[in-house]
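> Coordinates only, no sequence provided:
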């Protein structure tokens, strides 16, 4: 048991922290209040800075130009990047690209990697992941209604997807579709292909994802068999390959945002006077700061533990579910307390915390709402118990 | 002890409910996502409809054209109005006008009433209440920094106010200022007078208040002594006159919004399928619905009890503090649960609940954050205990 | 809407409060730490005092010698009685007798009333209610395993019951048994009849119920058909008759205990010094006292509202479930906070609060655990919603 | 970063787990319901078994006959021992002996160690720690009222202590007393010395500590200067030496108890039927099991992290406070949920969980209540923040 971080990792952490403070936070005010996410221009500038700093797409395989970070190293670096809402965009580690890069690295063919992954790792393109549907698949993948039908050497895909993060402006899309035999398959497609229709961008509470959340329809979209991602019928399995680590990287990035909110609240509480003394000298406020510290460390410890498990080659499905629930709820409590401490500032653009609050609420929902994870955990707890006895 | 509502009140409740359903909710989509609050055009149309329905400014004194509702009657009617985010604007019972109308009715001279109150009751004008300051008075009124200095027959007012709800577009303002002897006084002023500068509208989480939340500065604003509201030096006392009932009307209106969110969640849970059955048949969701019901009824009972106390002529400071904390926290839990039940819909514009969530967060802060009320209650609990023993 | 209590009720409240303070609390130390409940000698003395004070069995019908209190009056009187752990025993309003008296009043024949109810109302006998079973009926009445089989003019009853409160020392028992057709019936039996075996008293956290909680077995217990309570096959229906008000009287009595704990905590916090000032001047403690006040009033308002509904002749199943969950959880939070405020005193016999804490925990479980009530409420919420639309 | 446990530690963990299962749990029913703690006879048998198993006093220095466990190793072994309420007594690692052994190892002279520590490590004697006072020192050590006055070559000690765990039957006591200059000093004394009066054993919720919690008075107790523990005037400093690790070992042992309660609840939920299916297949119960798992792992991770810090030679005051609050509250939630799942069994002696519930409540209070730790953490958070900026 050893909580020591290696010198290399400490150095990477320090460099990322400095990069965020000096190169990213000053750009935060560039994003206008009513944009769905960072504009493409802002994104390009952020990526340019990260590239200069040698911090771009650090999780990608080295052969694709990344730093090949372990899960544990990601835990440290992504938390630092998350300290600014723009940090993950800068480092090219934001959802859904981060998870897509991971999935492509694991499953895509060499040709697919050269065509879609390499430019993405280089920060020149973006992607999206079309899985969730308005009346169907979301928390329950069994309800998938988008279909893929073989037609000669290709597949015809039909269906509607929504909450497709980053769709507006994405260069390619990974599509989850149901086969005639009830299994699911993942398909790759450029976004400018006929048959892909971008219907609209949803109005959402968060605005930290480039391109926001889109609604797409596929109308007889023709995908050549060579653009199947991995094997036919393994869509649900690959979704798991993508999801367990993707869940965890959400935890990492949002931990950075929660820490930022906490730092803002501490700074405010130290200086703001109320009833004759600084806010921080009021026990009620102090208790909230202590609770924040507990929640932040709880989140961090779960992330580290699960990341370590993944680095050991374990699937970590149970633990990534657990971390997802623990982190999304603990980090949310932190941010909610910070809003309360900041008072009027916390619910207005006077503090960065209002935005963190709005950006973070959906985290308790996407990649599996807390309720779905709790239920999945419960079944495993009981099964495990049965096996032992 | 009798929880029966009078036939007249039941009828008024039914009329309000019908009005909201048929005349107000259909207009909800008229407000654009990025507006600070209902536009003046939308507000005018809403007021016109309420006037036609005989429901405009129902809390105002009858001699001013209102229905002279008791606090108890307000509890019933305002909850119904609050069912739509636009309902309070329609009925002219939203903050800050509702509280200002109450205060003017209690304290203003006849001339002041004719000049400022009557047109406001008629829905032709709006007002604002300039008390909170960036670095000073908010939760702690003792930190008031805006000053009023006697100068001949008038007063010169200097200072900066913010979080002044409804300032943009308001016709008159009630200003809280500190006198040279440390007491506070309230002053009335038209907003178009020289010396009143509207600096900007703050970017805020909520967008249900016409005019949003503004920043104002007073630069040698000259107010004639005849425009002092009530007596010199009684500003803090009048603030209490305004606050205790104003707090409670917030509870009433937000109860309507919380009930709306709950109804949306119930409707969704009844029909949306997940894992082979409707959401509502999942215990986890069902428990949330039950918790919502408990929280809604808890809020309602506290409101009713405090309203009844006020109708008995009691000040109800303790009870209105208690109701404010109970309601703001219970109603918030309701809305947060609804977001969770609605999933992706709950955090996007696909459901009205996202907006309720954003609109409501500040309620735990304004008119005294929960922490200030808890502390105020604690001191009274201990004093009372000491007196008895 | 009127929260006024009648002068008669206020007077009864004052008399009960005085009785508890002067006649009951001084006897609290008479109960030894390791007794399952008040001894019969202590109980007899308490009942004697209540009889002298004219407060014995106040909820019983007047023709049986009670005061025929309405539910609303019970709400007020039982809260006062509950202020001491011994108060309900003194007034003869404790579980299970209180609920049995109510049930007998509603369902028993005249002969049964004369034989069993009258001496009980006079405080000369006690009863128990044998429903819960070790592996079967508890929260889920459908699992009832005790059987009654017709045999000539009588029934033969066989089965095991546990958690039968007050069984040790009870004079008669109401037995719930399953008929051959799957329905359930209630039977009356003296406890000293052959076929009733008292196996043991369970070791329990609470020790406020005379006789504690017993395990009984019925071995070919022969009950004459004349001792059937009400009609054959209506056992489940009568259980509801008993349960809805019985749940509510638990809420009332425990509200008294919670108020007592709060008063102890306030008194301690006013005088105990820590870190240079009284505990009560620490915000953390003050916030807890404010939360207590909110929870106590929330519980009281729900009780009042449901009691009023029952007095209107409504069944109030939904509302009594709601009150049961709200009260059992709110009152528990109060007592838990009081333990925390009292510190070492709170977890030792130095304060009465330790005992209240231990006595109250089971309230979240008996008469339906919170989970069962939440689920029952959820189904009704959804059904009601469906009916409206 | 590495969560791997060494093979030696895994082996020790397995041996301890087996020992508890086979040698300790079968003895649990030997302790009678109304004893303050394990009897001396039971304790002697438990210690004998641990000695045979080579598991006695494993944390003691090797030169005293212990295994010299690191904090990290203690985390693993103490959790296993805590799985039975009797396990810590068996291994001689229960409070207050565990903390006293640690303190003696750090501060006592060689002669003192030979006289008092060695027999204690061998499990032949017990000790107590007399610090808390009825009206004075507890959470706030500044209120210490017991005095020590120099008199020739010795000191005369006067004062009253309570909540002195293990006092009844202890062989020696460490006394915290105030000097004339306001500093504090620790003194060692045999318990059978004149001037030590054992007044009574307090009636307490817990009954897991041998000897229960006692009240002691010192009446002109004469302690030779050679029996001062460490240096004069360093009492508060030594209290910290004792407290930071002692807090953490509480967390470890109670984690074992919480895990035990959870296992009991899982086993029950797997088999107990309700409403047509096992309890565990009800989402409401499943969610509770998932929450338990999260809380248990959260507690474990904080313990591991703080133990590692202490092993690095850090004082870890902040982190041990944090762990104490996190663990005492998370573990309490676990046990409370288990009571709820077990229903009637959970609040009676039918399940071991009732006792765990009663035993554990005080953990949120002793060694600093949550409130004191939160406040201490808050001040450090703010100071640290100030230092950085």
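In hand now; what should we look at? Quick caveat: nothing in here was measured; it's all calculated off a predicted structure. Numbering: from 1, shown residues only, chains lettered A, B, ... in the order given.
> quick one: what helix or strand has residue A:128 in it?
Assigned by DSSP states H and E, residue A:128 belongs to strand A:127-130.
> Name every strand pairing with that strand and say which way it goes.
Sheet pairing for strand A:127-130, assigned by DSSP bridges, gives strand A:172-178 (parallel).
> and the helix or strand just after the strand it pairs with, what other elements does it pack with?
Scanning forward in sequence from strand A:172-178 by DSSP H and E, the next helix or strand is strand A:184-190. Packing contacts for strand A:184-190, counted by 3 or more CB pairs under 8 Å, 6 or more residues apart in numbering or on different chains; DSSP states H and E, involve strand A:154-165, strand A:172-178, strand A:213-224, strand A:228-229, helix A:235-271. No exception for glycine: its C-beta is placed from N, CA and C like everyone else's.
> Highest mean neighbour count out of the ones you listed?
strand A:172-178 (a mean of 26; mean count of other CB atoms under 10 Å in any protein chain shown).
> now the angle from that one to helix A:235-271?
Orientation check (axes from the mean of the first three to the mean of the last three CA atoms, to 10 degrees): strand A:172-178 against helix A:235-271 gives 120 degrees.
> mind checking how far strand A:172-178 is from the chain centre?
The chain centroid and the centroid of strand A:172-178 are separated by 18 Å, computed with CA atoms, centre = their mean, to the nearest Å.
> The closest residue to residue A:1 other than its chain neighbours - how many residues pack around it?
The shortest distance from residue A:1 to any non-neighbouring residue, by CB to CB, 6 or more residues apart in numbering or on different chains, is to residue D:72 (5.2 Å). Residues near residue D:72, counting by other CB atoms under 10 Å in any protein chain shown, number 22.
> about what we covered before: after the strand holding residue A:128 comes which helix or strand?
Using DSSP H and E, the helix or strand that follows strand A:127-130 in sequence is strand A:147-151.
> For the stretch 151-300 of chain A, what lies in contact range of chain B?
Remark: the part of the stretch 151-300 of chain A in contact with chain B comprises A:162-163, A:202-206, A:213, A:273-276, A:282, A:284-285, using CB under 8 Å from any CB of the partner chain.
> what bridges to residue A:196?
Beta bridges link residue A:196 to residue A:218 when assigned by DSSP bridges.
> Could I get the pLDDT score of it?
pLDDT for residue A:196: 98.
> doesn't residue A:217 make contact with residue A:200?
No: the pair residue A:200 / residue A:217 is not scored as a contact, 10.5 Å apart, by CB atoms under 8 Å.
> Now do the same contact list for the residue nearest to residue A:142 when sequence neighbours are not counted.
The shortest distance from residue A:142 to any non-neighbouring residue, by CB to CB, 6+ apart, is to residue B:275 (7.4 Å). Shown in contact with residue B:275 (CB atoms under 8 Å, 6 or more residues apart in numbering or on different chains): A:140, A:142, B:282.
> State the phi and psi torsions of residue B:275.
Backbone torsions of residue B:275, given as degrees, to the nearest 10, read phi 50, psi 40.
> returning to what we had before: who's in contact with the residue nearest to residue A:1?
Shown in contact with residue D:72 (CB under 8 Å, 6+ apart): A:1, D:9, D:304, D:307, D:308, D:311.
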